[in-house]
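>>> I'll drop the sequence and a predicted model, then ask my questions.
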Amino acid sequence: MLVKAEIYLDANAGAPLSPAVTEALFPFLRDRGALIPNPSSIHSHGRFAKRALAEAREKVARSLGSKTDPEQLIFTSSGTEANQLVIRSVLESQAGKSHWITTPVEHDSVRQMVSWFEGLGGQVSYLPVDERGVPQVDRLPELMTDTTALVSCVWVNNETGVITDVEHLSQLTRARSIPLHLDGAQAWGKIPFHVDTLGAQFVTFSGHKIGGLAGSGVLWLGRGNPIRPVILGKQEKGRRGGTENLIGLVALGAAASQVSPDHGPQLDELARLRDRLQNAICERIPGTRINGEGAPRVANTLNLSFDGVEGDGLVMALDLAGYSVSSGSACASGVLEPSHVLLAMGKTRAQAMAAVRISFPGLLPWEELEGFVNALEKAVLRVRKAGKTSR
C-alpha cells in the first residue's frame, strides 16, 4: 500500500518504527516458529516468554535512567491506560480526600477523567498556564488543600512541546506530602532525565512515541506508592491484569535500548534545525504566530498559527503536497474544535483553529525542510485566497 506523504512531520502523534524493533522482532518470531507464549505459563515456552518480558523491562528501566528495581515499572496497553490507572487508583483510594489538581493543557486521556471524578463528588482545580503555555507552578500552593489527593501535570505538552518545571513542581508537592503524577509521554527521548530523581511518585510513558509499536505503555512507580488495579488479575504483580502484549513489549524494549536518559549532541542539533525552520517560515509567511515562543520547548516540536487560515485545511493542503503535519493532538483528530491547549494560553478561537504542529522524527536534511517551507507558503496563500473567495 502506497503512503501518500513523502515527508513525515508528525512524530508527536507516533514516531517512526525504530530499526532496532525490526532487528529484534524478526529473529524473535523466526526462532520461536511464530509462537507467542504466555509469560505466565510454567513450561519452557512460558519461561522463555517470561525472560523476554524481564529483559524488556530492564531495557526500559535503563532508558528511563532508573537505577533501582525494574519491577517499579508496570506495563500497560498505552499511555492513556497508564494515566487513567494512576488517576483512578489514587483518587479512589484516599478516604476523605476529594480534591484533584491538574492543568487545562493536559492530554485528552487525563481530561476525560475530570467528569468521572466530578461525578463521584470530587472537586477539580486547574493550575493555570501563562501566555506561552507554561504551567504557573508558583501558583500551586494557592490551590493545594488538606483534601488534595493528587497533582497531575503534563511534563511536555504534546501540541506545543512546552516543558513544565518539574523540579519546582515536585518540591511544592513534597512539601505538602501530596502525590505527583507526571505524563511523560512526550518527554521520553526528547529531554534528558533520570526518573528516580524527578521527585514524582507516578510517571507515565507511551511506547509508540519512541519508535515502539502502538499498544504499549509504561507506568513508573516511586517506592512505597502502591497502585490499585483497574483490571484485576495476577499479571504485573497483581497491579494490572491481562496477559502481557509480549510482541509489543519486546518491541518496546528494543526501541528503548536506543534511547539514552542523558543529553546528547543530537538534541542540540535538532533544536538548531527547528529554530532555522521557524525563522524561515516567519520570514516567508506574513501573519505567522509561534505558539509557545519564549518558553522552554523540546527540540523536535514547532506549533504555528497563520492568520486567516484554518489548520485542518492547511493540513490537507500539505498532505496533497507530500508532507504530513498535524492540526493538534492526534487523539482529537476529526473533531473540528479549537485546541484546548491554545485556548488556555489565551489565544482566540480563530488563532487556535489556525494552528498546525510540526514534529520532527529526528534530524532531517535542510533541503527537505526547505521544500516544506515552499509548500507551506503556497498552501497558506491558497487557503487564504479560498477563504476570501468564499466570503
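Sure, I can see it.

>>> make it CA atoms for all contacts and neighbour counts henceforth
OK.

>>> What residue spans form the domains of the chain?
7-14+264-390, 19-256 (automatic domain parsing).

>>> so can I have a markdown table of those showing mean neighbour count?
Putting the domains of the chain into a markdown table (neighbours: other C-alpha atoms under 10 Å) gives the following:
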| stretch | mean neighbour count |
| --- | --- |
| domain 7-14+264-390 | 18 |
| domain 19-256 | 19 |
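
>>> Mind telling me which of those the model trusts least?
Among the domains of the chain, domain 7-14+264-390 carries the lowest mean pLDDT, a mean of 91.

>>> quick one: that domain to chain centroid distance?
Put simply, domain 7-14+264-390 sits 18 Å off its chain's centre (C-alpha atoms, centre = their mean, to the nearest Å).

>>> hang on, D262 packs against V195?
No - counting by C-alpha atoms under 8 Å, D262 does not reach V195; the two are 11.3 Å apart.

>>> residue contacts, G79?
A185, T204, F205, S206, G207, S216, G217, V218 (C-alpha atoms under 8 Å, 6 or more residues apart in numbering).

>>> swap that for N12, please
N12 neighbours (C-alpha under 8 Å, 6+ apart): N158, E159, Q186, K209, T301, S359, F360.

>>> Mind doing that once more with 6 Å?
S359 (C-alpha atoms under 6 Å, 6 or more residues apart in numbering).

>>> try L9
By C-alpha under 6 Å, 6+ apart, the neighbours of L9 are S324, V325, I358, S359, F360.

>>> any idea how far it is from L364?
Distance, L9 to L364, by C-alpha to C-alpha, to the nearest Å: 10 Å.

>>> ranges for the helices of the protein?
Here the chain has its helices, by DSSP state H, at 19-31, 44-63, 79-93, 108-119, 140-143, 166-175, 246-256, 265-284, 311-321, 340-344, 349-353, 366-390.

>>> and G133, which of those helices is closest to it?
helix 340-344 (7.5 Å; C-alpha to C-alpha).

>>> tell me what the closest one is packed against?
On a contact count with 3 or more C-alpha pairs under 6 Å, 6 or more residues apart in numbering; DSSP states H and E, helix 340-344 meets no helix or strand.

>>> do that again at 8 Å, thanks
When contacts are defined as 3 or more C-alpha pairs under 8 Å, 6 or more residues apart in numbering; DSSP states H and E, helix 340-344 packs onto helix 349-353.

>>> Pull out the CA atoms of stretch 262-276 and give them to me as CSV.
Once non-C-alpha atoms are left out, stretch 262-276 reads as follows in CSV (Å, rounded to 0.1, in the frame of the first residue of the first chain):
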residue,chain,number,x,y,z
ASP,A,262,21.3,11.5,29.1
HIS,A,263,21.6,14.6,26.9
GLY,A,264,23.2,14.0,23.6
PRO,A,265,24.5,16.3,20.9
GLN,A,266,21.7,15.3,18.6
LEU,A,267,19.2,17.2,20.8
ASP,A,268,21.2,20.5,20.4
GLU,A,269,21.4,19.9,16.6
LEU,A,270,17.7,19.2,16.4
ALA,A,271,16.9,22.4,18.3
ARG,A,272,19.0,24.4,15.9
LEU,A,273,17.2,22.8,13.0
ARG,A,274,13.8,23.6,14.5
ASP,A,275,14.8,27.2,15.0
ARG,A,276,16.1,27.5,11.5
